[in-house]
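1. sequence unknown, structure follows:
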């Protein structure tokens, strides 16, 4: 059974900020579009098997399981709820970022 994927406003803002960074600050609009398309495909892949992704290293700091999917230099941070068959994407962090918040 497929999972329903929900993306929070925070995760959408993370993606928007990186697209802006690539497209405008780095002046690579085509690269920004490619990155975003790939991100959407990566997130969509969570519909089929989100539990394939490992728990985040910081897992013990949270009251529920958080997993991550690596997409290029980013970590897609999400929770997979097996009962409701829902994946909630909370954040999309650049790999160099040290803490989740």
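-> It's in. Nothing here was measured: the structure is a model prediction, and the numbers come from that model. Residues are numbered from 1 along each chain as shown.
2. so which elements touch the longest helix belonging to the chain?
-> Ranked by residue count under DSSP state H, the longest helix found in the chain is helix 29-44. Here helix 29-44 touches strand 4-7, helix 9-20, strand 67-71, strand 74-81, going by 3 or more C-beta pairs under 8 Å, 6 or more residues apart in numbering; DSSP states H and E. From N, CA and C alone the C-beta is placed, and that goes for glycine too.
3. what sits up against it?
-> 5, 7, 15, 18-20, 22-23, 69, 71-72, 74, 76, 89, 92 (C-beta atoms under 8 Å, 6 or more residues apart in numbering).
4. what's the most distant pair in those?
-> Maximum pairwise distance in the contacts of helix 29-44, criterion C-beta to C-beta, is 24.3 Å, between 5 and 23.
5. what is the nearest of the contacts of helix 29-44 to residue 82?
-> Residue 82 lies nearest to residue 5 out of the contacts of helix 29-44, by C-beta to C-beta, at 14.2 Å.
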